[in-house]
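K.L.:
Quick one, fold the following:
(chains A and B)
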Amino acid sequence: MPHSMPNKADVRARALVIQLARLGDVVQTLPAITALRAQGDVSLDLLCAVSFGRLARAIPGIDRVLPWEGTKWQCWAEQWPTTTDSALNEVRSYLHELAPMAYDLAYNLNQHPRAIMAAHLLARQVRGPGQNGPLSPDLPPWASYLRQVVADRRTNRIHLSDTFCGLCGVQPPGTPPRLLPITASLPPDLAAIGDREGPWVALVVGAGDHVRCVPIAVWVEWITAFLSASPTGQVVMIGSGTERDKSQAIQDGLSSVLLGRVWDATGRTELPQLATVLARCQWVVGADTGPLHLGTAVGARAMGFYFAQARVHETGPYGRGHWVWQAEGERHEARGDGSDLSPYPSPPTPHLWPIAESVELILTGSCQRVLEGWSLWESHLDDWGAYFTEAGSPVMPDQQREAVWRTIGAPSAMELSS
Amino acid sequence: MNLFEQNLSLISSSNPALAAAIRESGGKAITIVEARNGMPTAMESGRWIHSAYDPQREAHTWTDTQKSAWQAGEVAVVLGIGLLYHLEALCRVLPPEAKIAVVVPDVRVLHDACAARSFEDWTGRVEWVWGSPDEMAAQLVRSGAPLRFMSYTPAARLHADAHSAIETAVRAQVAARASGRLHVAVVGPIYGGSLPIAHYTVTALEALGHRVSWIDHSPHHSSYASIGQLKEPRHSLTIQSKFAELLSMHTLARLAEDPPDLVLALAQAPLTLPFLEQVRRKKFITAMWFVENYRHLTYWQQMAGGYDYWFVIQTGACLDALRHAGAKHVTYLPMAADLSAHRPVTLSPDEQREFGADVSFVGAGYANRRALFPQLLSNDWTFKIWGNEWDGATDLADTIQRQGARIDTETCVKVFNASKINLNLHSCIGDGLDPQADFVNPRTFELAACGAFQLVDQRSLLPALFATNEMAVFQSPDDLGKQIPTWLQDSGARATLAAAARQRVKAEHTYVHRMKELLNQVGMSQPDRIGALLRGDRQADRLAARSEATPELVPLLRSFPSTQRVELKDVAMRIRSRGPSATLSRDELLLLMLDEYRAETRDLV
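P.N.:
Below is the predicted model:
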């Protein structure tokens, strides 16, 4: 079924932001959406995975969220060999329901062919990957830059959120983005989270990729150190249902006198509930960047342990006053001095962990020493987006970002301005 | 007009011959009684055919299950008559365009149904299928539409044999029409007797025009064997188990790289249950041809639920045992021969001298052979034994050739061709003939394919495969001893039987025949998947003809050779081949999007 043209009476141009990647990517799209919204009176919708739909509705500046149902597409792909016509008809109906009218412009933030096809199916014009045609291998400058970063990340200083801004043709907003307040009721035994004196720390027990998981023994030691140092401190363990075994193992390793201040929310929260829990905590600590980004978007401060593939400058918590512990091997990359001689493309799980140091940082706001094998980075924000400075160094905005922005540029997104 | 006449008139309007046959039959095949809700219900031999409480409600429950399996365009073939409550319910839930056929193996049951309850307008949409199995099969396959068999078990059990015969006839007739090409992954064992059969299977599938991915695990044999030489059996077993897991992973990788329509494993294929569960999650169809005696090799008990389809060389208790263990579909599929491997050959005088004998046996030294063969030593004929595992058989030492070395297929063929009488004694662990003599071994077919005369021990499944004028059979060791001199004296009779047996193999018992049967069995069970492929529904011309709702795709489909099988990936590749600056239609974008998800669904490893 072809798209119909917008009614002439509808004076607002219609744009669609396409973000079909994971939770962290959706949250990291907030600065781009904020900047796009600031550009003018444009109707702005967001296409994201159906599982993030409720959360995405809390993004300020988004008029409508279009839920992308990947499992349906999988079914149709499987059906196609047997029911070619009916599968195509179902797909057409689905797309028509999703977007009865074609968008004037799609801001595509993903390089995956699925996102490129979606952009061309739903909009008349595409900005971002696929803007030169659905089959064109040519990438726009910011997409090329992103691909280059993936191939050789050492010297990059541009945060992923800010490259999303670049893809959309807007400059970073310069303010930390926040989600609209999300109020989701919690299970009765978790309802008191945040009520008592804190500090409350949401602890992300797992990570999407097992090589990025903090070992259970480390978490046991960390919680013990934190609760011992903070008599009123509380820890809320968060994670998916598949991480319940991990949270149980952590509890099994803790002294029973501490268990009264440990809350287990793993596998018990949908995304809006997770956002509610995070909003009630002062800190979110972990190695999984998705919950860290979500935490910052609801007002918590974040402290990340970055190792394996995670790198502070690209995916560190966005905003001001967040901290990242970056593991050795990545440290040289983080400094950009090209001195990493490690035989591993990314280091294995560290042997030593900055447990006492990170607890001290949360409780006192500073850290006397940085454990060997790690570096510590603090987040900042300016007109060129997020940047990180190493603890103990002067807070100096990195000049490289501005140079990149001036080279690649931020062409106006305002083709749509009426 | 009474009830019976009214119903008969409804049937007569579409099938007067059937109506006449019903009237003539007189009925009385089933017993009609009143259900608790007052409706007529039926029994046979003390067993209920319909619910004793509410036959209609029961029929609706049955229909719900059948309806979800039925796909548009399929003919629903109902097995089981009874009082037709289930047929009526089906007619009411399937869309008006759905074709419904009901198989009538015994018109007497229909007579009883006509007399018991009133049929209504729904009978007008029913095609009544009756006659001989071949006639019924012909009637069913005539339209060329996919058949979806729906068995109403309480009634169908009365005519299980007839239904089986019809299904066999349908398979054969569908096979004759099959023009579609499949991609089959054949997974072989690491070693053993099923390894050559895996090779023959590959050859047969290719001969039928299917594309075969041969996943050969025999190169790993030496590693597997070296693990088996560890002193501690526990170590061997543990590591060999891990080895099987590794080979399962290897198989997964092969499947992921080139996804087949069907994964066909031969007995002893090193595939683990977790592997089978994973491939099922990814919607692969799996089949196992278990070319082993199920009483001796019993690992099927753990694997039964893992495969979608089982094919076995035994019937009766074997089928029941597998079903009881969780197998969803079990079918008898006897052994066969590959005519390119086992064939008549002309031997040189030297070869005739070396391989020839009055009486020969090729095979391993199982206990029953060691016990029986010494009785056959005689000064009246020469006797040669070929094959391995004869260590310690001192009384047979003079007859054992090549010091009991294993001989290859080519040598076997020479022995078969050179010998006047080839003994074929099925192995067993006792000291006589196999007490549970059911299946027929590959050697039977191989000897016949060579045009070689054989004396084979009696097997319960042999008469259905070879007639008495095609093969000489002995009933006991004494009988064997008596038959040898008789046959040795009658070269003409030997030649006649051997030639007839070879003709029978060529006509019915090659691996090509077996693979046809196997694929059609799977195709009949899955008319919308394998069945559709076998019918050629995925060929470019058929796809184009069916693209009513997507006429804009027709030129794209017509760009393929008309009989080429076209899949989503082929269409996507053709679209992508138009180059980076191509402008794509909306449907082309949709197809590319679907293809992206298709590629993801087979992400196995």
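
K.L.:
Buried ones in the helix or strand of chain B with the lowest mean pLDDT, by neighbour count?
P.N.:
The helix or strand of chain B with the lowest confidence, counting by mean pLDDT, DSSP states H and E, is helix B:160-177 at a mean of 82. Residues of helix B:160-177 classed as buried: B:162-163, B:165-175 (neighbour count, 16 or more other Cβ atoms under 10 Å in any protein chain shown). Yep, even glycine has a C-beta here, placed from its N, CA and C like the rest.

K.L.:
Please convert the residues you listed to CSV, extending it with distance to chain A.
P.N.:
Output for the buried residues of helix B:160-177, formatted as CSV (distance: Cβ to the nearest Cβ, whole Å):
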residue, distance to chain A
B:162, 30
B:163, 26
B:165, 29
B:166, 25
B:167, 22
B:168, 25
B:169, 26
B:170, 20
B:171, 20
B:172, 24
B:173, 22
B:174, 17
B:175, 20
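
K.L.:
Contact residues of chain B facing chain A?
P.N.:
With the criterion set to Cβ under 8 Å from any Cβ of the partner chain, chain B comes near chain A through B:71-72, B:283, B:528-529, B:532, B:538, B:543, B:546-550, B:567-568, B:576, B:578-584, B:586-587, B:589-590, B:592-598, B:600-601.

K.L.:
Next, the buried residues of the strand or helix carrying residue B:322.
P.N.:
Here residue B:322 sits within helix B:317-324, counting by DSSP states H and E. Across helix B:317-324, burial judged by 16+ other Cβ under 10 Å covers B:318-319, B:321-322.

K.L.:
and the two most separated of those residues?
P.N.:
Greatest spacing in the buried residues of helix B:317-324, by Cβ to Cβ: B:319 and B:321 (7.4 Å).

K.L.:
quick one on the thing from earlier: for the least confident helix or strand of chain B, name the packing helices and strands.
P.N.:
strand B:99-103, helix B:133-141, strand B:147-151, helix B:511-525, helix B:530-535 (3 or more Cβ pairs under 8 Å, 6 or more residues apart in numbering or on different chains; DSSP states H and E).

K.L.:
give me that answer again for 10 Å
P.N.:
Judged by 3 or more Cβ pairs under 10 Å, 6 or more residues apart in numbering or on different chains; DSSP states H and E, helix B:160-177 is in contact with strand B:75-79, strand B:99-103, helix B:133-141, strand B:147-151, helix B:153-156, strand B:329-332, helix B:511-525, helix B:530-535.

K.L.:
for these, which one sits closest to residue B:258?
P.N.:
Within the helices and strands packed on helix B:160-177, the stretch nearest residue B:258 is helix B:530-535; the backing value is 15.8 Å (Cβ to Cβ).

K.L.:
neighbouring contacts of the longest helix seen in chain B?
P.N.:
The single longest helix within chain B, with elements called by DSSP state H, is helix B:233-257. With contacts defined as Cβ atoms under 10 Å, 6 or more residues apart in numbering or on different chains, helix B:233-257 is touched by B:185, B:187, B:189-190, B:213-215, B:217, B:220, B:223-230, B:232, B:260, B:263, B:265, B:269-276, B:278-279, B:282, B:284, B:602-605.

K.L.:
List the buried residues for it?
P.N.:
Under the neighbour-count rule (16+ other Cβ under 10 Å), helix B:233-257 has B:236, B:239-240, B:243-244, B:247-248, B:251-252, B:254-255 buried.

K.L.:
Including pLDDT, could those go into JSON lines?
P.N.:
Shown next, in JSON lines, are the buried residues of helix B:233-257 (pLDDT from 0 to 100):
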{"residue": "B:236", "pLDDT": "91"}
{"residue": "B:239", "pLDDT": "93"}
{"residue": "B:240", "pLDDT": "90"}
{"residue": "B:243", "pLDDT": "93"}
{"residue": "B:244", "pLDDT": "91"}
{"residue": "B:247", "pLDDT": "95"}
{"residue": "B:248", "pLDDT": "93"}
{"residue": "B:251", "pLDDT": "95"}
{"residue": "B:252", "pLDDT": "92"}
{"residue": "B:254", "pLDDT": "93"}
{"residue": "B:255", "pLDDT": "92"}
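
K.L.:
In contact with residue B:127, which residues?
P.N.:
Residue B:127 makes contact with B:14-15, B:75, B:77, B:99-102, B:139-140, B:143, according to Cβ under 10 Å, 6+ apart.

K.L.:
Output the helices and strands packed on helix B:160-177 as a markdown table; include the columns mean pLDDT, distance to residue A:143 and mean neighbour count.
P.N.:
Listed next are those as a markdown table, based on pLDDT from 0 to 100; distance: least, Cβ to Cβ, whole Å; neighbours: other Cβ atoms under 10 Å in any protein chain shown:
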| stretch | mean pLDDT | distance to residue A:143 | mean neighbour count |
| --- | --- | --- | --- |
| strand B:75-79 | 94 | 52 | 23 |
| strand B:99-103 | 94 | 53 | 21 |
| helix B:133-141 | 89 | 55 | 19 |
| strand B:147-151 | 91 | 49 | 22 |
| helix B:153-156 | 92 | 60 | 19 |
| strand B:329-332 | 96 | 50 | 20 |
| helix B:511-525 | 94 | 46 | 23 |
| helix B:530-535 | 86 | 40 | 24 |
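
K.L.:
Right, I'll call it a day here.
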